[in-house]
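>>> Compute the structure for the input listed below.
(one chain, ligands or ions: 2)
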Amino acid sequence: MAKIKQIIAREILNAKGQPTIETTVILTDGSFGVASVPTGTSVGEYEATDLRDGDEKRYQGKGVLKAISNIEQIIAPALIGMEASKQPEIDRKMIEMDGTQNKGKLGANATLSVSEAVAKAAARSSILPLFMYLRGFVKRENLPLKVPIPLFNVLNGGLHAGKNLDFQEFLVIPASSKSYSESLNLGSSMYFALEKALDSAGYSTLVGDEGGFGPKLDTNKDAIEFLKRAADSLNLRIGFDIFFGLDAAASNFYSEQRYHIKDKTMALTSKDLSDYYQTLNSDYHLLYIEDPMSQDDWDGWKACNEALSNQTLIVGDDLTATNPYRLQMAINKKAINGIIIKPNQIGTVIESLAVIEVARLAGLKIIVSHRSGETNDDFIADFAVAASADYCKFGAPARGERVSKYNRLLQIERQLKSI
Ligand code: PGA
Ligand code: ZN
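Ligands and ions are numbered 1, 2, ... in the order given. Okay, here's the model as predicted:
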């Protein structure tokens, strides 16, 4: 069994040009794994710590040299000599060494880059594809091994596109009857049909952080209307061939207990906003709404879930932050019927899988997600398949750091056919 021989970390840039960590783990049999971790832009309050140097002389204070020193000075000496296949023990060791609730000491960016690089090295050593290797850590009775349904973020708003709109993501979702490669083609067709629709109406087709278009429209509803126009231009049946979804990321337009959106002149209560989602839902078949309410507006979440969950996925991201305590609160309060899983919100592979298991037992749909500040690392594609996620959200079907994941899913789809 191969043991961890060396761990090397370095500072690289993510797709937004901000520093992040790339870690290489080398094993005694010569196998190695390289992993780089993403960064969020609309970061929830309950996420684990993304450790930054705060040294304004370097990268606007966002350098990660402290986190790298934590890897090389603290984590590496403790992990060297451990068997690489013992991922649960390795992750537990890092959690213990950190000793905080939020990876505040070592940094979740440090621990996750090591955790993922160990998994990649161990997969290579075992000669299994990464998704098959990771599946060994999943309690998987009766869980299908398949590529999740992709959620394509074709129109960007909120913090991802200079606050052009209030809602952050406008998603298109292929029907579940389609294969993954058909779905990718559909997402791509919608992307280009949307570009054409925006362009011919005189709107900019410059893109936001996740590769979706970022037009300056008058209302959030207008953005959904453009999705409809794009679908119509392709003769796609909304609610049959294709569905729409939103990541409202509502914490970003909530202040003084009111929601502020361009669609309405008055500030909205949670009830008003929930009613507005219902109107949008009856007009456009919204299959999916992520963070419809702000991260601490539990009453708003409960009411929204009660009103919409029979037709729509009400999904926690900032609300739950891939955190077991927040998840349990959301389950107890009946606030959601789906959950976003972002490994960098918690900081290790095994903890991310544990959150998925609890969520699944509670009957929630699982959505594995990238971050807006991605790298070209495609780890989460394998992770999503291994965990039998229902959906995956990797941005627009464009730009290198997004398509690296979608392309990896194409490879996995082929590999699954030969199993
Ligand atoms: P983030 O956005 O990576 O900027 O947090 C993604 C999301 O909110 O889902
Ligand atoms: Zn989100």
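
>>> For the stretch 201-350 of the chain, which residue gets nearest to ligand 2?
D317 (3.5 Å; CB to the ion). No exception for glycine: its C-beta is placed from N, CA and C like everyone else's.

>>> Look at that residue and say how many residues are nearby.
29 (other CB atoms under 10 Å).

>>> Now do the phi/psi pair for it.
phi -130, psi -80 (degrees, to the nearest 10).

>>> Contacts only, for the residue nearest to it when sequence neighbours are not counted.
Excluding its sequence neighbours, the residue lying closest to D317 (CB to CB, 6 or more residues apart in numbering) is I340, at 3.9 Å. Residues near I340 by CB atoms under 8 Å, 6 or more residues apart in numbering: E290, V315, G316, D317, T320, T322, I367, S369, K393.

>>> Was I right to think the second one contacts L286?
Think V315. No. Using CB atoms under 8 Å, V315 is not in contact with L286, being 11.4 Å away.

>>> Looking at these two, which is more packed in?
Using other CB under 10 Å as the criterion, V315 and L286 rank with V315 on top: 28 against 24.

>>> Run through the residues that contact the more buried one.
Contacts of V315 (CB under 8 Å, 6+ apart): Y288, I289, E290, D291, I336, N337, G338, I339, I340, K365, I367.

>>> so when I look at it, I'm seeing a helix, right?
No. V315: not assigned to a helix; according to DSSP: H, G, I helix; E, B strand; the rest coil it is strand.

>>> who's it bridged to?
V315 forms beta bridges with E290, G338, as assigned by DSSP bridges.

>>> got the residues of the chain near ligand 2?
Within the chain, the positions near ligand 2 by CB under 5 Å from the ion are D247, E290, D317.

>>> follow-up on the earlier one: which two in the contacts of V315 are spaced the farthest apart?
Greatest spatial distance in the contacts of V315: D291 and K365, 14.8 Å, computed using CB to CB.

>>> And M82, how close does it get to ligand 2?
Applying CB to the ion, to the nearest Å, the value for M82 to ligand 2 is 34 Å.

>>> and the residue of the stretch 1-150 of the chain nearest ligand 2?
Proximity of the stretch 1-150 of the chain to ligand 2 (CB to the ion) peaks at S42, 6.7 Å away.

>>> For that residue, what is the enclosing helix or strand?
Per DSSP states H and E, S42 falls between elements, in no helix or strand.

>>> Quick one: the strands in the stretch 251-400 of the chain, in order.
Remark: strands assigned in the stretch 251-400 of the chain by DSSP state E, counting those that start in this stretch are 254-255, 258-259, 286-290, 313-316, 338-341, 365-369, 391-393.

>>> Rebuild the ones you listed as CSV, extending it with distance to E116 and mean pLDDT.
Shown next, in CSV, are the strands of the stretch 251-400 of the chain (distance: least, CB to CB, whole Å; pLDDT from 0 to 100):
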stretch, distance to E116, mean pLDDT
strand 254-255, 33, 98
strand 258-259, 36, 98
strand 286-290, 24, 98
strand 313-316, 23, 98
strand 338-341, 14, 98
strand 365-369, 13, 98
strand 391-393, 16, 98
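
>>> What about D222, how many residues nearby?
For D222, using other CB under 10 Å, the count is 15.

>>> just S126 next, same as before
S126: 17 neighbours (other CB under 10 Å).

>>> For the closest residue in space to G347 that isn't next to it in sequence, give me the pLDDT.
Spatial nearest neighbour of G347, chain neighbours left out: A108 (3.3 Å); criterion: CB to CB, 6+ apart. At A108, the pLDDT value in this model is 98.

>>> Am I right that A108 is in contact with A48?
Yes. Between A108 and A48 there is a contact under CB under 8 Å: 3.6 Å.

>>> which parts of this structure sit against ligand 1?
Listed as neighbours of ligand 1 in the chain under the rule CB under 6 Å from any ligand atom: G40, T41, S42, V43, Q168, D247, A249, D317, S369, R371, S372.

>>> Name the residue of the stretch 51-200 of the chain that lies nearest to ligand 1.
Nearest residue of the stretch 51-200 of the chain to ligand 1: Q168, at 5.9 Å (CB to the nearest ligand atom).

>>> What is the burial count for the nearest residue to Y288 once chain neighbours are set aside?
Leaving aside its chain neighbours, Y288 sits nearest to G245 (3.1 Å; criterion: CB to CB, 6+ apart). For G245, the neighbour count with other CB under 10 Å is 27.

>>> So in terms of bridging, what pairs with G245?
When assigned by DSSP bridges, G245 has beta-bridge partners L171, Y288.

>>> List the residues that contact it.
By CB under 8 Å, 6+ apart, the contact list for G245 reads L151, E169, F170, L171, V172, I173, L286, L287, Y288, I289, E290, L313.

>>> Quick check: the two most widely separated of those residues?
Between any two of these (CB to CB), the greatest distance is 15.2 Å, for F170 and L313.

>>> Quickly find the element holding S204.
Counting by DSSP H and E, no helix or strand carries S204.

>>> now it: how far from N281?
S204 is 28 Å from N281, where distance means CB to CB, to the nearest Å.
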